[in-house]
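Enquirer: Fold the stuff below for me.
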Amino acid sequence: MNRFLKNILLKLIILLFFISLIVGGAFYFNYNHKIDYPAAIINKYQRLDSLKKTAKIIICGGSSSSYGIDSELLEKTLKKPVVNTSLAMSLGSKFHLNITKDYLHKGDVILYIPEYEYYYGKENGDDFLYTTAFYYPKVVKDFTTKQKDAFFEKAFRLSVEYYIGALNKNNDKGNKSLQYKRESYDYLGDNISLRSSINSKIELTLKNRYQKLKSKKVSKEFIIFLKKINAEYVKKGITLLITYPPLEKSQFDNRFLKDIDKVKRETGITFFGNPNDYLYSADLFYDSSYHLNGKGRILRTKELIKTLKEQLN
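Expert: This next block holds a predicted model:
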């Protein structure tokens, strides 16, 4: 091997070592973090694991379900253990349901509550999904092949962004709200930081959520994924039910209805309840048209329990 090739090889080894050091450090500093919000995913896996030999209700979805459901009341009323795996829309619909796969028991009920945007895409999540892997590498087992490939492509950039963010945190002495900390989640998986809140910070906007969609075409990928995972559930004696998220009423659009109906028809999955049952006034939401405050959470949970009891009976 001539000197030129040796130099190239040496530089590649140094580069790989540098990349490994940067990425490895991001894993080291974030793993099982006691404060940061994405680390809340760990508690959800632990709850799933503790119930894997028990028939249970598993709630899946985005942040509308992490804020908007009182799982303790649901558990007491339906007399069945509950785990709320919901964390953020940014995890994507595929991860929302794939997280359940290793923890299923015959008789489980999967309660999936996709935000309306999921009917039009968002299956694969965004950077937030990959960021959770730094806090809990085990999540990668529930990534699709495409998501695993994307993680390895993005790991270095996300690691660099972590270090930049850490420096900014050191310069910013302000305390982040409890709402966006790991400790905001209880052992059942609910974000309880707004449980006592009756405040509302949201402002009405000119466009509703349908009008803000980048694409108004129902996602074929979403339909295919739902059909596939439902077939897996059925083989294992698991029931998949889909219902609707809470939403500030000015953000709803009746055009959602025909698209939801299309997904119902093409997947054959049982949908229950009615979107109108979960439309509430602005004063019941905190900082997003999907994030109920404490008062809204109570109303939504009672409605959910009523319709779910009817469905299960």
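
Enquirer: Helices of the stretch 51-200 of the chain, residue ranges please.
Expert: Listed in chain order, the helices of the stretch 51-200 of the chain (DSSP state H, counting those that start in this stretch) span residues 63-68, 71-78, 93-98, 127-135, 145-171.

Enquirer: Ok, which of those helices comes nearest residue 196?
Expert: Of all the helices of the stretch 51-200 of the chain, the one in closest proximity to residue 196, counting by Cβ to Cβ, is helix 63-68 (12.8 Å). Any C-beta I mention is one placed from the backbone N, CA and C, and that applies to glycine too.

Enquirer: helices or strands next to that closest one in the packing?
Expert: Applying 3 or more Cβ pairs under 8 Å, 6 or more residues apart in numbering; DSSP states H and E, we find helix 63-68 packed against helix 294-312.

Enquirer: quick check: mean pLDDT across the helix it packs on?
Expert: For helix 294-312, mean pLDDT rounds to 97.

Enquirer: Measure how far that helix is from the centre of its chain, please.
Expert: Per Cα atoms, centre = their mean, to the nearest Å, the displacement of helix 294-312 from the mean C-alpha position of its chain is 20 Å.

Enquirer: Need the contact partners of that helix.
Expert: Contacts of helix 294-312 with the rest of the structure, by Cβ atoms under 8 Å, 6 or more residues apart in numbering, involve 67-70, 73-74, 77-78, 109, 111, 194-198, 241, 243, 246, 270, 272-273, 277-278, 280, 284-285, 292.

Enquirer: what about burial for those, which qualify?
Expert: Buried by 16 or more other Cβ atoms under 10 Å: 67-70, 73-74, 77, 109, 111, 194-195, 197, 241, 243, 246, 273, 278, 280, 284-285, 292, out of the contacts of helix 294-312.

Enquirer: Quick check: end-to-end length of stretch 64-79?
Expert: Taking Cα to Cα, to the nearest Å, stretch 64-79 runs 23 Å from one end to the other.

Enquirer: Just give me how far it sits from the chain centre.
Expert: How far stretch 64-79 lies from its chain's middle: 16 Å, per Cα atoms, centre = their mean.

Enquirer: what does that stretch contact?
Expert: 57, 59, 81-84, 86-89, 113, 115, 185-186, 188-191, 194, 245-247, 286, 290-292, 296-298, 300-301, 304-305, 308-309, 312.

Enquirer: Let me see the ranges of the strands in the chain.
Expert: Ranges of strands in the chain, per DSSP state E, are 57-61, 82-84, 109-113, 239-242, 247-248, 270-271, 279-280.

Enquirer: Which among the ones you listed is found nearest to residue 264?
Expert: strand 270-271 (5.2 Å).

Enquirer: Of the contacts of stretch 64-79, select the buried ones using a ChimeraX command.
Expert: A single ChimeraX command selects the buried members of those (16+ other Cβ under 10 Å):
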select :57,59,81,82,83,84,86,87,88,89,113,115,185,186,188,189,190,191,194,245,246,247,286,290,291,292,296,297,298,300,301,304,305,308
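
Enquirer: any idea what sits nearest residue 279, other than its immediate chain neighbours?
Expert: Nearest residue to residue 279 in three dimensions, chain neighbours excluded: residue 249, at 4.1 Å (Cβ to Cβ, 6 or more residues apart in numbering).

Enquirer: residues in contact with residue 182?
Expert: 33, 34, 35, 36, 37, 39, 40, 43.

Enquirer: Among those, which one lies nearest to residue 223?
Expert: Distances from residue 223 to these, taken by Cβ to Cβ, are shortest for residue 40, at 29.6 Å.

Enquirer: Tell me the pLDDT of that closest one.
Expert: On the pLDDT scale, residue 40 is placed at 96.

Enquirer: Switch the helices of the stretch 51-200 of the chain over to JSON lines; also include distance to residue 19 and mean pLDDT.
Expert: Formatted as JSON lines, the helices of the stretch 51-200 of the chain follow (distance: least, Cβ to Cβ, whole Å; pLDDT from 0 to 100):
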{"stretch": "helix 63-68", "distance to residue 19": "33", "mean pLDDT": "97"}
{"stretch": "helix 71-78", "distance to residue 19": "41", "mean pLDDT": "97"}
{"stretch": "helix 93-98", "distance to residue 19": "25", "mean pLDDT": "96"}
{"stretch": "helix 127-135", "distance to residue 19": "15", "mean pLDDT": "95"}
{"stretch": "helix 145-171", "distance to residue 19": "6", "mean pLDDT": "88"}
